[in-house]
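K.L.:
below is the sequence, then the predicted model.
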Amino acid sequence: MSIFRKPQKYKTGVKFLAYGFSGVGKTVFALSFPKIAMLDAELGASFYEGQEEGKNLVAISNTQSYNELNDVLDELLEEHEDLGIETFITDSATKFRENLINAVTEIDIKRAKKKLGSDAELDTATSMRSWGTIGRITKQQQNTKIDLSSKGVNIIDIAQAKEIKDQNQNVIGVIPDMDKKAKFDYDVVLYLFTETNSKGETVFKGRVEKDRTKTYKVGTVIENPSYDSWKESLEGNSSNLLGTDYTGQSDKDTNAYEAEQALQDKTLGERLAEVSRSLDAEGKEKLKADLSKAKITSANDLTKNQQNKLSEILDKYSK
């Protein structure tokens, strides 16, 4: 069966990343979206519960646990329609990532100390394993959010901002404080900030850094950005849902790679015995003839050329 499909218009949720420093309206922006399930890791939304700004909240949880984030995503994939959820907010993605990093590195440090018996080369022992685990979990979470958006749910990730400085400690830019590859997963990236107008009033603004919906050009500055700023793009006419399974595909690829590695880890002798057991009498005779032609009498004490030939023969009978 072909993996391709015919192109057509689908209704999908839009994935937003809104980031900025404290007090620039990140939470208020997110709360402007409809029918919200929200993970509040900073108690930022607690000020708006029961208020006009929080009227769109359907469900909210105060947690920083990356495990609970996984559980919520899995639940929403299956039950968002029954729960009446159209928007999922993580406030903030920065806090969830910090918690993930702390949990993984702490466990790996304990494992390394137990194995090494001392603190010698502890950082080296833990860093590669830790960051590999962090990267895997982060990728899985991002893929699940993409799958959720393919079912029509808008994704709003809020992140804290951090300054980028040159070698002289001069600020040369601002980026979201999260996984550096994460920005590629979003349809809209919005940097939120404030300015003071001529009347001395604080004005909340957002600068568009990316917009796949083509609602705004990159660099456009929006005053008081909200759901209404993208409403036309978010409420398309199509009722067809795409429904991806990137999370499942990632798991399948992991299992396939694990199987390949297990095969490669077997000795040629083990593979020869395994292949031989799988063949009927006629197959065994053909295998024996191929081995004789290659002048291979056993899987032991082979030259490099014979090892390559034996591997090719085994691959042939393994298919």
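P.N.:
Here it is on my side, so go on. Note that the structure is a prediction, hence the values are computed from the model and not measured. Numbers count the residues shown, from 1 in each chain.
K.L.:
for residue 178, what are phi and psi?
P.N.:
phi -160, psi -170 (degrees, to the nearest 10).
K.L.:
give the contact list for it.
P.N.:
Under the criterion of C-beta atoms under 8 Å, 6 or more residues apart in numbering, the contact list for residue 178 reads 19, 93-94, 97, 157, 159. For the C-beta atoms, the positions are set from N, CA and C on the backbone; glycine is no exception.
K.L.:
list buried residues within those residues.
P.N.:
Buried residues within the contacts of residue 178, counting neighbours by 16 or more other C-beta atoms under 10 Å: 19, 93-94, 97, 157, 159.
K.L.:
hmm, which two among the contacts of residue 178 are most spread apart?
P.N.:
Distance extremes for the contacts of residue 178: the farthest pair is 19 and 97 at 12.5 Å, using C-beta to C-beta.
K.L.:
list the contacts of residue 217.
P.N.:
Taking C-beta under 8 Å, 6+ apart as the test, what residue 217 contacts is 208, 211.
K.L.:
quick one: pLDDT of it?
P.N.:
The confidence metric pLDDT takes the value 97 at residue 217.
K.L.:
that older thread, between the contacts of residue 178, which sits nearest residue 298?
P.N.:
Of all these, residue 97 has the smallest distance to residue 298: 54.0 Å, by C-beta to C-beta.
K.L.:
can you tell me the element the closest one falls in?
P.N.:
Assigning secondary structure by DSSP states H and E places residue 97 in helix 93-116.
K.L.:
what is the top helix by length along the chain packed up against?
P.N.:
For the chain, the helix that runs over the most residues, judged by DSSP state H, is helix 122-149. The contact analysis (3 or more C-beta pairs under 8 Å, 6 or more residues apart in numbering; DSSP states H and E) places helix 122-149 against strand 15-20, helix 66-83, helix 93-116, strand 154-165, helix 246-265.
K.L.:
how about 10 Å then?
P.N.:
Using 3 or more C-beta pairs under 10 Å, 6 or more residues apart in numbering; DSSP states H and E as the contact criterion, the elements in contact with helix 122-149 are strand 15-20, helix 66-83, strand 87-91, helix 93-116, strand 154-165, helix 246-265.
K.L.:
using CSV, lay out these together with distance to residue 36 and mean pLDDT.
P.N.:
Conversion of the helices and strands packed on helix 122-149 to CSV gives the following (distance: least, C-beta to C-beta, whole Å; pLDDT from 0 to 100):
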stretch, distance to residue 36, mean pLDDT
strand 15-20, 12, 96
helix 66-83, 11, 91
strand 87-91, 5, 95
helix 93-116, 16, 82
strand 154-165, 8, 94
helix 246-265, 22, 53
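K.L.:
out of these, nearest to residue 305?
P.N.:
Closest of the helices and strands packed on helix 122-149 to residue 305 is helix 246-265, at 19.1 Å (criterion: C-beta to C-beta).
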